[in-house]
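Novice: Next input, structure requested:
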Amino acid sequence: MSSPDLRDRLFVLMQHVTPQMGLTRFAEFVANSRGAWTRGIIPRFIRKYGVDMSEAVEPDPSRYACFNDFFTRALRPGVRPLADAPFVSPVDGAVIDCVRLQDDTILQVKGHPYSARALVGGDASLAAPFAGGDAISIYLSPKDYHRIHMPSDGRLLRMIHVPGSLYSVNPATVAGVPGLFARNERVVCLFESAFGPFVLTLVGAMVVGSMQTVWHGLINPPRTGTLREWRYEDQDIRLARGEEMGRFLLGSTVVMLFPKGVLQARSDWLPGRSVRMGEAMAAALPR
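Specialist: Numbers count the residues shown, from 1 in each chain. Prediction:
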């Protein structure tokens, strides 16, 4: 039997040769298809991944018209209470890392570096406020709740859709593909807040059908292969801490950037720790 390390290496190697876009488009088609066979997929998925349907507004799997309706299911009021903290987890998932940037550089798991500038799509001026700041990354597994919420109060300034690869974002691939989060397709959202600017990035992955935000709707598809940007400085789009801001149609990862001296991430937010949307993520540093 092969060792776990060998299996992980083979898994990563297979992704280099897999037709990522074709597989993703097929998954997208399946996830949005309606019919009796769809109602068979959902119960099997629940059993395989141990999804807790008692938390859902609609706990009956047969009531979902397609897989994506189930995957982006709403939760019952009160099952994700907001902590009394200035920064809360925007998602259910597992911590990938909480790291201090070295100038513009983010050290990914196992020391793979990538730059804040690359993450946000190559705009040096957008990345500049986060030099020496903090990056917090959270992975959403298949069993998790897949709506994304605000880590703090914010006013939307910009949204950027950055084309890229579609590698899996599970721990084995994060460890095996250098700079993964700055290589995969992603949606970068820039907000201003009482603490200064912050970035909330939705990172796509293999078989992630699409991403959407509450102010725009579906962002991808289309996938044009070119960077697309929307500006909102002349609008007053404000979202409160804990308010829904977007959804993954099939799962992925969020990466947040904060300026230097703004927050102190919780010391127990170590790689692999399970977190829930709304729990305290960080304390605000004195200003």
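Novice: R117 is in contact with T105, correct?
Specialist: No: contact between T105 and R117 fails when scored by Cβ atoms under 8 Å: they sit 9.6 Å apart. Any C-beta I mention is one placed from the backbone N, CA and C, and that applies to glycine too.
Novice: just for the stretch 1-150 of the chain, where's the confidence low?
Specialist: 1-35, 37-39, 108-111 (pLDDT under 70).
Novice: Report how many residues lie close to the nearest residue to V51 once chain neighbours are set aside.
Specialist: Nearest residue to V51, sequence neighbours excluded (Cβ to Cβ, 6 or more residues apart in numbering): K143, at 5.1 Å. Counted with other Cβ atoms under 10 Å, the neighbours of K143 add up to 16.
Novice: what helix or strand is K143 on?
Specialist: Secondary structure assignment for K143, by DSSP states H and E: no helix or strand.
Novice: Look up how far G133 lies from it.
Specialist: K143 is 31 Å from G133, where distance means Cβ to Cβ, to the nearest Å.
Novice: what's near enough to touch the nearest residue to E185 once chain neighbours are set aside?
Specialist: Once flanking residues are discounted, E185 sits nearest to G204: 3.8 Å by Cβ to Cβ, 6+ apart. Contact analysis of G204 by Cβ atoms under 8 Å, 6 or more residues apart in numbering lists G164, L166, N184, E185, R186, V187, M211, N220, S252.
Novice: Surely the first one touches R183?
Specialist: Yes: shown here, G164 and R183 form a contact pair, counting by Cβ under 8 Å, at 5.5 Å.
Novice: just so I have it, where are all the strands in the stretch 1-150 of the chain?
Specialist: For the stretch 1-150 of the chain, strands defined by DSSP state E, counting those that start in this stretch occupy the ranges 87-88, 93-100, 105-107, 113-115, 134-139, 147-149.
Novice: and those strands as TSV, adding distance to A36?
Specialist: As requested, these are exported to TSV (distance: least, Cβ to Cβ, whole Å):
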stretch	distance to A36
strand 87-88	40
strand 93-100	32
strand 105-107	46
strand 113-115	44
strand 134-139	33
strand 147-149	27
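Novice: how about those strands in a markdown table, adding mean neighbour count and distance to R228?
Specialist: Output for those, formatted as a markdown table (neighbours: other Cβ atoms under 10 Å; distance: least, Cβ to Cβ, whole Å):
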| stretch | mean neighbour count | distance to R228 |
| --- | --- | --- |
| strand 87-88 | 26 | 29 |
| strand 93-100 | 20 | 26 |
| strand 105-107 | 19 | 23 |
| strand 113-115 | 17 | 21 |
| strand 134-139 | 24 | 23 |
| strand 147-149 | 24 | 19 |
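Novice: for the ones you listed, which one sits closest to F71?
Specialist: strand 147-149 (10.0 Å; Cβ to Cβ).
Novice: For the residue nearest to E185, give me the pLDDT.
Specialist: In this prediction, G204 carries a pLDDT score of 82.
Novice: do the same with N184
Specialist: The per-residue pLDDT of N184 was computed as 85.
Novice: list the helices and strands the helix or strand that contains I160 packs on?
Specialist: Per DSSP H and E, I160 falls inside strand 154-162. Here strand 154-162 touches strand 186-193, strand 217-220, strand 228-231, strand 238-239, going by 3 or more Cβ pairs under 8 Å, 6 or more residues apart in numbering; DSSP states H and E.
Novice: Export it to PDB, keeping only CA atoms.
Specialist: Taking C-alpha atoms only, strand 154-162 is exported to PDB below (Å, rounded to 0.1, in the frame of the first residue of the first chain):
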ATOM      1  CA  GLY A 154     -17.200  47.300   5.500                       C
ATOM      2  CA  ARG A 155     -18.000  49.500   2.500                       C
ATOM      3  CA  LEU A 156     -17.300  47.900  -0.800                       C
ATOM      4  CA  LEU A 157     -14.800  49.700  -3.100                       C
ATOM      5  CA  ARG A 158     -13.700  47.200  -5.800                       C
ATOM      6  CA  MET A 159     -14.300  43.700  -7.000                       C
ATOM      7  CA  ILE A 160     -11.800  41.900  -9.300                       C
ATOM      8  CA  HIS A 161     -12.300  38.600 -11.100                       C
ATOM      9  CA  VAL A 162      -8.800  37.100 -11.700                       C
END
